[in-house]
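1. Need coordinates for the following:
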Amino acid sequence: MNSVQQINYCPTKSIMKSILLILALSIGNLAHAQDAASFFKTAIGKAQAGDMPGAIADFDKAINLDPSYTDAYYWRGVAKAAIGSINAALADFEKTTSLDPGHADAYLTAGNLYNQEGNPKAALANLNPAVKLLPNNMNALLNRGKAQTNLGLHDAAIKDYTAVLAVDRGNYDAYINRGVSYRQMQNFDKAIEDFTSAINRDKMNPDGYINRGIVYRMKEEFEYAIADYTQAIVVDPNSSDAFYNRGIAYSKRDQHQDAIRDFSKAISINPKDADSYMNRGIEKVIIGKKEDGCADIVQASNLGLALAIEQRNKFCGF
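-> Below is the predicted model of the structure:
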């Protein structure tokens, strides 16, 4: 009868050292992961308390310990955006999505930031995946619509705004932005309808009145335009946009003194308003105050308004 021989395995010293090294490394990696998580936790606490520099410092430590810590990159980007370090924040969001292509919040936050920074192409590149990952997120749809409006993709933008309004009939921003797309498409009736809907939902916001006034001015219905700008000023007496646009409407009606008064008010509210300087200068030249008018037009060109150089040559001869 054959007997089964039991084999007792005894590792050599070199193998034992290898096993101990692997165990040590595993324990070390676990400790590092725990340290990274601890720094991440304290960073979140500091961010919630408003200490963004402290939060960023702790996110840095978490990332140094764990370079693949996706959420640490994302939240560090949020903290950087909060203190105005936009480019650094965008770099963190890009790193987040490179580590995790399904990180919808990173795409959405980056897209919103690019919109704010006036880069609609980059905004759209981030908001497309955000909408794909978050098809029912109204913020993603609304902001993608804004990027598309700014890129002149008005049909696509209107589709997004309409989708938002199908869910949220009271969304003021969706009405305003859809109205802007309709206006740029020269669909004035639809634009007025949307701006009126916005006004009905928030009568104390000047944007609806100003935007509707612009449409009336484009239709050369200056009386209605002036009425809307005036209502915007009643709602917000410090709206330089309302004074500027009413000044344009007065100019179209050859009410030059009224136009000068409104451009002057816009400048007093916003001393860097190059458009108001240029238009006030033109109005002054028209009423015979060429020297003063040309000084305004020169000031507009000094503020960086390229069109002012053309107007300076036209009205001032230099």
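2. Can you report how many residues neighbour Gly54?
-> 16 (other Cβ atoms under 10 Å). In this view, the C-beta of every residue, glycine as well, is placed from N, C-alpha and C.
3. ditto for Gln48
-> Neighbours of Gln48 using other Cβ under 10 Å come to 9.
4. repeat for Asp189
-> 10.
5. isn't Arg212 right next to Ile192, touching?
-> Yes. Arg212 is within contact range of Ile192, at 5.9 Å (criterion: Cβ atoms under 8 Å).
6. intersection of neighbour lists for the two?
-> The overlap between the contact sets of Arg212 and Ile192 (Cβ atoms under 8 Å, 6 or more residues apart in numbering) consists of Gly179.
7. neighbour-wise, which of those two wins?
-> Set side by side, Arg212 and Ile192 show more neighbours around Arg212, with 28 against 20, by other Cβ under 10 Å.
8. Nearest residue to that one in space, please, no chain neighbours.
-> Phe195 (3.8 Å; Cβ to Cβ, 6 or more residues apart in numbering).
9. Kindly report the same for Tyr277.
-> Ala300 (4.0 Å).
10. Spit out the contact partners of that neighbour.
-> Contacts of Ala300 by Cβ under 8 Å, 6+ apart are Ala274, Asp275, Tyr277, Met278, Gly281, Ala308, Gln311.
11. In the residues you listed, which residue is surrounded by the most others?
-> Gly281 (29 neighbours).
12. Correct me if wrong: that residue contacts Glu291.
-> No. The criterion here is Cβ under 8 Å, and Gly281 misses it with Glu291 at 10.4 Å.
13. coming back round to it: gap between the residue nearest to Arg212 and Ile210?
-> 9 Å (Cβ to Cβ, to the nearest Å).
14. Which one's more surrounded, the two?
-> Phe195 (28 against 25).
15. quick one: contacts of the helix or strand hosting the more buried one?
-> Phe195 is part of helix 188-201, with elements assigned from DSSP states H and E. For helix 188-201, contacts defined as Cβ under 8 Å, 6+ apart pick out 170, 172, 175-176, 178-180, 182-183, 205, 207-209, 211-212, 215-216, 218-219.
16. Downstream of it, the next helix or strand is which one?
-> Taking DSSP H and E, what comes next after helix 188-201 is helix 206-218.
17. How about the helix or strand following that next one, which residues are buried there?
-> Moving toward the C-terminus from helix 206-218, the next helix or strand (DSSP H and E) is helix 222-235. For helix 222-235, the buried set under the neighbour-count rule, 16 or more other Cβ atoms under 10 Å, comprises Phe222, Tyr224, Ala225, Ile226, Ala227, Asp228, Tyr229, Gln231, Ala232, Ile233, Val235.
18. Same check on stretch 126-136?
-> Result for stretch 126-136 [16+ other Cβ under 10 Å]: buried residues Asn126, Leu127, Pro129, Ala130, Val131, Leu133, Leu134.
19. With stretch 306-318 instead?
-> Buried-residue list, stretch 306-318, by 16+ other Cβ under 10 Å: Ala308, Gln311, Arg312, Phe315, Cys316.
20. so which of these would you say is closest to Pro67?
-> Ala308 (50.7 Å; Cβ to Cβ).
21. what pLDDT does the most centrally placed residue in the chain get?
-> Nearest to the mean C-alpha position of the chain, by Cα atoms, centre = their mean, lies Gln116 at 2.1 Å. Among the per-residue scores, Gln116 shows a pLDDT of 96.
22. Next one: it from Ala110, what distance?
-> 11 Å.
23. Check Thr42 too.
-> Thr42 is 25 Å from Ala110, by Cβ to Cβ.
24. So for these two, which sits in the more crowded spot?
-> Ala110 (28 against 17).
25. State the helix or strand in which the closest residue to the more buried one other than its chain neighbours lies.
-> With sequence-adjacent residues excluded and distances taken as Cβ to Cβ, 6+ apart, Ala110 is closest to Phe93, at 4.0 Å. Assigned by DSSP H and E, Phe93 falls within helix 86-99.
26. could you dump that helix to PDB, C-alpha only?
-> Taking C-alpha atoms only, helix 86-99 is exported to PDB below (Å, rounded to 0.1, in the frame of the first residue of the first chain):
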ATOM      1  CA  ILE A  86      -8.500  79.800 -13.100                       C
ATOM      2  CA  ASN A  87      -5.800  78.400 -15.300                       C
ATOM      3  CA  ALA A  88      -4.500  76.200 -12.500                       C
ATOM      4  CA  ALA A  89      -8.000  75.100 -11.700                       C
ATOM      5  CA  LEU A  90      -8.600  74.100 -15.300                       C
ATOM      6  CA  ALA A  91      -5.400  72.100 -15.400                       C
ATOM      7  CA  ASP A  92      -6.600  70.200 -12.300                       C
ATOM      8  CA  PHE A  93     -10.000  69.400 -14.000                       C
ATOM      9  CA  GLU A  94      -8.100  68.200 -17.100                       C
ATOM     10  CA  LYS A  95      -6.000  65.900 -15.000                       C
ATOM     11  CA  THR A  96      -9.100  64.700 -13.300                       C
ATOM     12  CA  THR A  97     -10.800  63.700 -16.600                       C
ATOM     13  CA  SER A  98      -7.600  62.100 -17.900                       C
ATOM     14  CA  LEU A  99      -7.500  59.900 -14.800                       C
END
